[in-house]
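>>> quick one, structure for this:
(2 chains)
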Amino acid sequence: MNERQVITVSQLNRYMKSLIEGDAALASVWVRGELSNFTNHYKTGHMYMTVKDEGAAIRAVMFARDAAKLRFMPENGMKVLVQGRVAVYERDGQYQLYLREMEPDGVGALYLAFEQLKRKLGEEGLFDESRKRPIPKLPLKIGVITSPTGAAVRDVIHVLGRRFPLAEVLLYPVLVQGENAPPQLIEALKYFSDTGEADLVILGRGGGSIEELWAFNDEGVARAIAACKVPVISAVGHETDFTIADFAADLRAPTPSAAAELSVPDTMTLKTRFANLDARLLALVRTRLQSARAKVADLASRRVFKSPAIYIDDRRMAVVAMTARLDAAMRLQGARRRHRLEVAAGKLGALSPLAVLGRGYSVILREGAAVRARTELSPGDKIEIMLAKGGANATVTEVYDGK
Amino acid sequence: MENKNLGFEESVARLEEIVKLLESGDAKLEQALALFEEGVSLTARCNKLLDGAEQKVMMFVKDAGGDIVKTPMPQQGEPV
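Next up, the predicted model:
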């Protein structure tokens, strides 16, 4: 009969540990599976999870040092490839995976990180249309955050200079790729936000690989864009490149050149607009002048004035003086427009009853009302005679029928 | 006219205001003419500003003390 050899649990687990951890094949394995029971320990930064397939499961842990290098956040149900070593946790008699790396299975880690950050910030409302500030129509100081040496900065300065040289360009040079790029982008955005030195900020870089554009998918950069008090136009890479910065910006331009095009009005368009404004001003003031003339004409037929002719004369002289002034102002404009005004003013004059008085006719007023027939008058009536200039009071001595 | 010192942006804002005032029809004749004269001189001034504009490009750099200062951007082609 064999003598029983009794060992402690600790001894057993220690033995198992030495067996498993002594196996070189288990020191580094890649395992494909799906994540469940995922916990991100917020204090320590360690991540705990179960990796499983249809028939089996294994516990896994990823310590903070490795977890910090992940570009995406693991989630339950996510298909992953994990790499690590198999080790025994003596206390529980469990073997588990100590993970050093994790990749999404099927899609790239960067793609997944992009989608996750986009979803997270989207749910926070950072990309809401209601948050977007309007782009100023007439920016005179344009902040540009980009590399001082790339093609992007040359394109932006060139387009701005061609379209609207009146706008000053304020270049804030930054690194646009690499791990130092996000803090510099954030610093530049904060500078423009704090100082308000620019009316508008263009943030961007030229084309590149997804890794080269990665600084524009940084969470801190996205938040700095959203927090910037000055409107931001993003212009990252080419037309087909979308970054988180694009979603956070007030306006996305497909390229840096396009951002410059979108940010300022075109000088030629502006000049056309000023020409139209001149014409509009003229039309408005002419309408106003016409209504003044109509008012004078109206006064001529009113009965309420003691000395209507004098009053009307004053008003007429005012209109004449105004017309002269308008004419003088018109010399700033082309001769064609002035001619049109003269024609219009002449027509108005011809229609005025005052012009009739000017030709030697007069108006008889009795108790302020114009007299049209002799039946309205009797000998002894006091009447007023309205002339082109001044007037006279008279008494009727005789009335008779027309000959 | 007192508009000589107005910048481009202010000039355009004033122009828009003048058009609104004239459109409202509330202005007295005297005032309407004054507004017209002002408006025409403003558009002339804006055109002059546009015609005479030369692009200015400034760059922020950090001085020895780490403060951000503005300097003219070096010409294209020069080492930055």
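>>> where exactly do the helices run in chain B?
Applying DSSP state H to chain B gives helices spanning B:8-24, B:29-52.
>>> TSV for those, including mean neighbour count?
From N, CA and C alone the C-beta is placed, and that goes for glycine too. Shown next, in TSV, are the helices of chain B (neighbours: other C-beta atoms under 10 Å in any protein chain shown):
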stretch	mean neighbour count
helix B:8-24	16
helix B:29-52	18
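>>> could you save the ones you listed as JSON lines and add columns showing distance to chain A?
Formatted as JSON lines, the helices of chain B follow (distance: least, C-beta to the nearest C-beta, whole Å):
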{"stretch": "helix B:8-24", "distance to chain A": "4"}
{"stretch": "helix B:29-52", "distance to chain A": "4"}
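>>> now stretch A:163-171: mean pLDDT?
Stretch A:163-171 shows an average pLDDT of 94 in the prediction.
>>> start to end distance for it?
Stretch A:163-171 has an end-to-end distance of 18 Å (C-alpha to C-alpha, to the nearest Å).
>>> buried residues in it?
Buried residues in stretch A:163-171, counted by 16 or more other C-beta atoms under 10 Å in any protein chain shown: A:Arg163, A:Phe164, A:Pro165, A:Leu166, A:Ala167, A:Glu168, A:Val169, A:Leu170, A:Leu171.
>>> do the same with stretch A:229-236
Neighbour-count burial for stretch A:229-236 [16+ other C-beta under 10 Å]: A:Val230, A:Pro231, A:Val232, A:Ile233, A:Ser234, A:Ala235, A:Val236.
>>> need the residues that contact that stretch.
A:133-136, A:143, A:152, A:156, A:189, A:192-194, A:196, A:198-205, A:213, A:216, A:225, A:243, A:245-246, A:248-256, A:258-259, A:262-263 (C-beta atoms under 8 Å, 6 or more residues apart in numbering or on different chains).
>>> now do it: distance to the chain's middle.
From the chain centre to the centre of stretch A:229-236 is a distance of 9 Å (C-alpha atoms, centre = their mean, to the nearest Å).
>>> pull the CA atoms of that stretch into CSV?
Provided in CSV are the C-alpha atoms of stretch A:229-236 (Å, rounded to 0.1, in the frame of the first residue of the first chain):
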residue,chain,number,x,y,z
LYS,A,229,-15.0,81.6,-27.8
VAL,A,230,-14.0,82.5,-31.4
PRO,A,231,-15.6,80.5,-34.2
VAL,A,232,-13.4,77.7,-35.5
ILE,A,233,-13.2,76.3,-39.1
SER,A,234,-11.5,73.0,-39.2
ALA,A,235,-9.5,72.0,-42.3
VAL,A,236,-7.7,68.7,-41.8
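>>> about what we covered before: could you dump the buried residues of stretch A:229-236 into JSON lines with secondary structure added?
Shown next, in JSON lines, are the buried residues of stretch A:229-236 (DSSP: H, G, I helix; E, B strand; the rest coil):
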{"residue": "A:Val230", "secondary structure": "coil"}
{"residue": "A:Pro231", "secondary structure": "coil"}
{"residue": "A:Val232", "secondary structure": "strand"}
{"residue": "A:Ile233", "secondary structure": "strand"}
{"residue": "A:Ser234", "secondary structure": "strand"}
{"residue": "A:Ala235", "secondary structure": "strand"}
{"residue": "A:Val236", "secondary structure": "strand"}
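>>> and which of the residues you listed is nearest A:Gly77?
Nearest to A:Gly77 among the buried residues of stretch A:229-236 is A:Val236, at 31.3 Å by C-beta to C-beta.
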